[in-house]
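[1] here is my input; please provide its structure:
(one chain, ligands or ions: 1)
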Amino acid sequence: MKQKIVVLLLCTCIFTGCGKQNDSFEPVMILSEEPEQVSPNIIEETPVSQEVASEPELPTPETVSESGVNPEPATETEEPDNTPVSPSADSVPEEESLPESEEEMNSERVTYQDGFYYEPLSDNVKARITGLSYPSDCPVPYDDLRYISVLYCDFNNTVQTGEIICNQSIAQDIVEIFYELYQASYPIEKIRLIDEYNADDDLSCQDNNTSSFCYRTVAGSKKLSKHAQGLAIDINPFYNPYITYPNGVPTIKLQDTAVYADRSADFIAKIDHNDLAYKLFTAHGFTWGGDWNSVKDYQHFQK
Ligand SMILES: [Zn+2]
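    Now for the predicted structure:
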């Protein structure tokens, strides 16, 4: 019986005390296993990821150093400018060099006010006028001309954008004058390049279009017009006709405008000595065709 009792006691010890000991050990084993399973994985992963991350960092400085020596990889350093930080130092001179070319184009634009600027003729503008207002054998250099963009109020008092090509020597005058006209809501029906009328002065006048440069002679003569150098501009020509007096007989260049030859009448856009355009142009040193004696060119200002 004593042996059976001993066996029972041993069994109880196993199922109780040992059981507790096992319970107490199991969590230790689990804890010790979990970190062993996880930590090595993390440790193994992190060095790998660090190595992977460090690998691209090494090549980029190499490419940067190469690009610093060779001009060809310059475009490669432009692309990384958006992503990595390290090439920024080398990209600085290249960022400067790229805008420089753009600034060269923009630096030649002179902006007087928002919406009022002038600049040398772009290739696009040259293409628009060559063979029309600018003949293929035109002796006036492109560089003597300026493309001007202005805002103006049309006959409906709606703001429009106008295009003018004139001589570079009066470009500043033109933007200043047209800015004042715009501020005063001076009515101008249209301001388009005469090339949109096939460089036909009659068609441009018929449409009451305001324009400046057109390599042509004075109407009815072989003498070059001031328009040929872009030193003259016609304002609202339909309402301010060109009148000659052959043999003392008044002759209207464009017959449809004859009704506006009566300068005592009151109508829109009439230019006279009280007109703002007259005051502005003459203040800038222009002469007005309405003051001429041999002919009357009420639309015309020249310098
Ligand atoms: Zn004219």
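[2] what is the burial count for the one residue in the stretch 201-303 of the chain that gets nearest to the ion?
    For the stretch 201-303 of the chain, the residue closest to the ion is His300, as judged by Cβ to the ion, at 3.5 Å. (Glycine included, C-beta is placed from N, CA and C.) Neighbours of His300 under the rule other Cβ atoms under 10 Å: 25.
[3] now the spatially closest residue to it that is not a sequence neighbour: how far from Glu196?
    Nearest non-adjacent residue to His300, counting by Cβ to Cβ, 6 or more residues apart in numbering: Gly289, 3.4 Å away. Gly289 sits 23 Å away from Glu196, going by Cβ to Cβ, to the nearest Å.
[4] ditto for Lys126
    Note on Lys126: its distance to Glu196, by Cβ to Cβ, is 16 Å.
[5] same question for Ala219.
    20 Å.
[6] looking at those two, which one has more neighbours?
    Set side by side, Ala219 and Glu196 show more neighbours around Glu196, with 17 against 14, by other Cβ under 10 Å.
[7] helices or strands next to the strand or helix carrying Leu151 in the packing?
    Taking DSSP states H and E as the criterion, Leu151 maps to strand 145-153. Applying 3 or more Cβ pairs under 8 Å, 6 or more residues apart in numbering; DSSP states H and E, we find strand 145-153 packed against strand 116-120, strand 159-167, helix 171-183.
[8] now that strand against helix 171-183, angle please.
    Angle, strand 145-153 to helix 171-183, by axes from the mean of the first three to the mean of the last three Cα atoms, to 10 degrees: 10 degrees.
[9] can you tell me the average pLDDT over strand 145-153?
    The average pLDDT within strand 145-153 is 98.
[10] residues in contact with it: which ones?
    For strand 145-153, contacts defined as Cβ atoms under 8 Å, 6 or more residues apart in numbering pick out 115-122, 125, 159-168, 171, 174-175, 178-179, 181-182, 185-188, 191, 213, 230.
[11] so, low pLDDT: which residues of the stretch 1-150 of the chain?
    1-106 (pLDDT under 70).
[12] check whether stretch 231-245 comes near the ion.
    Yes: on the criterion Cβ under 5 Å from the ion, stretch 231-245 is in touch with the ion at 232, 234.
[13] what mean pLDDT does that stretch have?
    For stretch 231-245, the mean per-residue pLDDT is 96.
[14] okay, buried residues for that stretch please.
    231-244 (16 or more other Cβ atoms under 10 Å).
[15] let me have the residues you listed in CSV, extended by secondary structure.
    Below are those laid out as CSV (DSSP: H, G, I helix; E, B strand; the rest coil):
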residue, secondary structure
Leu231, coil
Ala232, strand
Ile233, strand
Asp234, strand
Ile235, coil
Asn236, coil
Pro237, helix
Phe238, helix
Tyr239, helix
Asn240, coil
Pro241, coil
Tyr242, strand
Ile243, strand
Thr244, strand
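[16] what's Asn236 in contact with, if anything?
    Residues in contact with Asn236 (Cβ under 8 Å, 6+ apart) are 187-189, 208, 210, 269, 271, 299.
[17] roughly how far does it sit from Gln172?
    According to Cβ to Cβ, Asn236 stands 22 Å off from Gln172.
[18] list the contacts of the spatially closest residue to Ala184 that is not a sequence neighbour.
    Closest residue to Ala184 apart from its sequence neighbours, by Cβ to Cβ, 6+ apart: Leu276 at 5.7 Å. Neighbouring residues of Leu276 by Cβ under 8 Å, 6+ apart: 180-181, 184, 186.
[19] shouldn't Glu119 be in contact with Ser107?
    No: the pair Glu119 / Ser107 is not scored as a contact, 9.6 Å apart, by Cβ atoms under 8 Å.
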